[in-house]
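1. Fold the stuff below for me.
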Amino acid sequence: MGHGHAHDHAHGHHHGNNANKKALLISFILTAGFMLLEAIGGFLTNSLALLSDAGHMLSDAVSLGVGLFAFILGERVANYSKTYGYKRFEILAALFNGVTLILVSLYIFYEAIQRFQEPADIASGGMLTIAVIGFLVNIVVAWILMRGDTSENLNIRAAFLHVLGDLLGSVGAIAAGLLILLFGWSWADPVASVIVAALVITSGWRVTKDAIHVLMEGTPRNVEMSKIIDCMEKAPGIISIHDLHVWSITSGQNALSCHAVVQGNLLVEESQHMLRNIEHDLEHLGIGHVTIQMETASHTHEESLMCQHDAESHSHTHAH
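-> Got it, this is the predicted structure:
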């Protein structure tokens, strides 16, 4: 019986983290600064579209700050208490951001309903000016975050979606400001708020769902289990595999563990060569950290996911 390990081969991960940290820091400073201006402007002009956008920008500033803290904390080295280090904190930050987006959206819906019932007088000129400035600030922040890892890193993606919602909020506020200025349509203000809130709550739900999936140690979305199983079962010397688990430690860092039933006469050198080949193949399938326990066919097992499948198919190989 033996174990094979492949350590994380996420080349450039540290460099990517530095770029993501810098993007979050600059975005945080810009967002927090404009959020104060927009909140003051919203109160002075009596615009719900501006106030809701300012509220969203406050959640943005908090989410960017939490995201930045998550990256810094995630770099702390592993210890006996946290054997994976603090990398999972990034996912907790993404979950926090997703839930915040949902709550902000619900509050905007509530405020908009109040405004529909009791329309308010709005200083459209001032509202329009602040909304245009907000639009420009959000474009800059979105561009900075786009240069980060928005496809793989859930934390950066959550922050980017926050800012994208803000950008849409600014567009809505500009449109409402123009309609009020040109036609006196005060209802345009809460309508713009509702449209933005609907878009924001959708983004919030997606991020929350993805973060929960990682925390539940679900199979990473970029990993195809059928290809993983094929790759391992086709390796010379392996009869079958069971107790297979694939999960994400954090964004872009996937891990795998399993038991492999091998031929009884397999030599140590042969098994090591086989492990190296499997680790290399799995790396191309998105798995950076591999742990394989090798055992002979005499080993008993009944309760794992793979074993249940094996029992159903009356064989000890995965049905393709």
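
2. I figured Val140 hits Ile29, correct?
-> No. Counting by CB atoms under 8 Å, Val140 does not reach Ile29; the two are 11.1 Å apart. The way it works is simple: take the backbone N, C-alpha and C, and place the C-beta from them, glycine included.

3. what helices or strands is whichever helix or strand Phe34 is part of leaning on?
-> Using DSSP states H and E, Phe34 falls within helix 13-45. Using 3 or more CB pairs under 8 Å, 6 or more residues apart in numbering; DSSP states H and E, the elements in contact with helix 13-45 are helix 48-74, helix 124-146, helix 154-183.

4. and those as TSV, adding mean neighbour count?
-> Shown next, in TSV, are the helices and strands packed on helix 13-45 (neighbours: other CB atoms under 10 Å):
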stretch	mean neighbour count
helix 48-74	24
helix 124-146	19
helix 154-183	24
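
5. Out of those helices, which is closest to Ile201?
-> Minimum separation from Ile201 across the helices and strands packed on helix 13-45 (CB to CB) falls at helix 154-183, 9.2 Å.

6. Could you list every helix and strand in contact with that closest one?
-> Against helix 154-183 (3+ CB pairs under 8 Å, 6+ apart) you get helix 13-45, helix 48-74, helix 89-117, helix 124-146, helix 188-215.

7. between those helices, which gets nearest to Gly252?
-> The nearest among these, by CB to CB, is helix 13-45 at 7.1 Å.

8. Could I get the average pLDDT for the closest one?
-> Average pLDDT, helix 13-45: 79.

9. Ok, stretch 73-80 next?
-> 78.

10. can you list contacts of it?
-> By CB atoms under 8 Å, 6 or more residues apart in numbering, the residues outside stretch 73-80 that reach it are Asn17, Tyr84, Gly85, Tyr86, Lys87, Phe89, Glu90, Thr250.

11. Closest to His242 out of these?
-> Using CB to CB, Tyr84 is the member of the contacts of stretch 73-80 that lies nearest His242, at 24.0 Å.

12. what's Gly55 in contact with, if anything?
-> Val104, Tyr107, Ile108.

13. which of those count as buried?
-> Val104, Ile108 (16 or more other CB atoms under 10 Å).

14. wait, which of the contacts of Gly55 is closest to Gly264?
-> Scanning those for proximity to Gly264, where the rule is CB to CB, the winner is Val104, at 61.0 Å.

15. By neighbour count, which of the contacts of stretch 73-80 wins?
-> Glu90 (30 neighbours; other CB atoms under 10 Å).

16. What is the burial count for Gln114?
-> Around Gln114 there are 11 other residues, counting by other CB under 10 Å.

17. again with the one 4 residues further on
-> Using other CB under 10 Å, Glu118 has 6 neighbouring residues.

18. Could you do Gly264 as well?
-> Using other CB under 10 Å: Gly264 sits among 9 other residues.

19. Could you list the single helix or strand in this structure with the lowest mean pLDDT?
-> Lowest by mean pLDDT, DSSP states H and E among the helices and strands of the chain is strand 2-6, with a mean of 45.

20. if we can go back for a sec, in TSV, list the helices and strands packed on helix 154-183 along with distance to His284.
-> Shown next, in TSV, are the helices and strands packed on helix 154-183 (distance: least, CB to CB, whole Å):
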stretch	distance to His284
helix 13-45	17
helix 48-74	25
helix 89-117	24
helix 124-146	27
helix 188-215	22
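
21. Which one of these lies nearest to Leu167?
-> Among the helices and strands packed on helix 154-183, the nearest to Leu167 by CB to CB is helix 124-146 (4.1 Å).

22. Give the other helices and strands that that closest one contacts.
-> Short answer (3+ CB pairs under 8 Å, 6+ apart): helix 124-146 packs on helix 13-45, helix 48-74, helix 154-183.

23. Tell me which of these sits nearest to Ile133.
-> The nearest among those, by CB to CB, is helix 13-45 at 7.1 Å.

24. Could you check the angle that closest one makes with helix 48-74?
-> Helix 13-45 and helix 48-74 are oriented at 160 degrees to each other (axes from the mean of the first three to the mean of the last three CA atoms, to 10 degrees).

25. in helix 13-45, what counts as buried?
-> Residues of helix 13-45 classed as buried: 16-17, 20-21, 23-25, 27-28, 30-32, 34-35, 37-39, 41-42, 45 (neighbour count, 16+ other CB under 10 Å).

26. Residue most distant from the centroid, the chain?
-> Distance from the C-alpha centroid of the chain, by CA atoms, centre = their mean, peaks at Asn265 (45.4 Å).
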